[in-house]
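Trainee: Prediction below, plus the sequence it came from.
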Amino acid sequence: MQGFEEIYKTYWQKIFRLCMGYVNDYNLAQDLTQETFISVWEQLPKFRNESSIGTWIFRIASNNCLRQIEKQNRFPKGQLPLNLIEEKQYNIEPQIQFLYKCIAELPEIDRIIISLELEDIKQAEIASIVGLSEANIRVRIHRIKEKLTQKFTSNER
């Protein structure tokens with residue numbers, strides 16, 4: 001089994017991008033990524049190799065993000081601090097920033113599916129993480145890509 005440091009180096013960026021796809025908030029995505037790796041550190045001795053280590057980590061990250069979204073939905077939007085990404089501060093290209101914004105507007109399950117797809121996770125693994133069939137994942141990815149393409153096309157006009 002890989003050591004924690006190797007796992008951290010291999011997966012940190014991927015998990016951060018997954019969290020960004022969920023919350024569209026740079027600081028919150030960093031916090032969620034850290035929480036994910038704290039859980040990985042604590043649970044690593046119990047990991048049973050029933051799935052790949054990557055699938056396991058993505059599942060932990062997805063659950064953390066879903067819990068965060070649930071927490072946010074319990075409070076009226078006006079009471080939440082808005083931490084918008086400032087492209088100069090974080091040097092994120094406007095197109096990438098717009099992509100995160102579009103992904104954040106998708107339903108929760110679509111957010112995780114497309115975020116995992118963007119990380120080049122195999123569709124069989126995505127199906128395992130979200131609990132859907134591979135065929136369903138293929139159809140959803142196709143539809144999500146169509147929605148995002150429409151948003152990008154309408155944004156360019």
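Mentor: Received the coordinates, thanks. Numbers count the residues shown, from 1 in each chain.
Trainee: from here on, contacts and neighbour counts on C-alpha atoms
Mentor: Fine.
Trainee: can you give me the helices for the chain?
Mentor: 4-23, 26-43, 53-73, 87-90, 94-104, 108-118, 123-130, 134-156 (DSSP state H).
Trainee: These: lowest mean pLDDT?
Mentor: Ranked by mean pLDDT, these end with helix 87-90 in last place, scoring a mean of 42.
Trainee: Give me the contact list for stretch 115-134.
Mentor: 14, 17-18, 21, 55-56, 58-59, 109, 112-113, 137-138, 141 (CA atoms under 8 Å, 6 or more residues apart in numbering).
Trainee: For the chain, which residue occupies the most central location?
Mentor: Against the mean C-alpha coordinate of the chain, by CA atoms, centre = their mean, the closest residue is Leu18 at 2.2 Å.
Trainee: Excluding chain neighbours, what is closest to that one?
Mentor: Distances taken as CA to CA, 6 or more residues apart in numbering place Ser115 nearest to Leu18, at 5.2 Å, with adjacent residues excluded.
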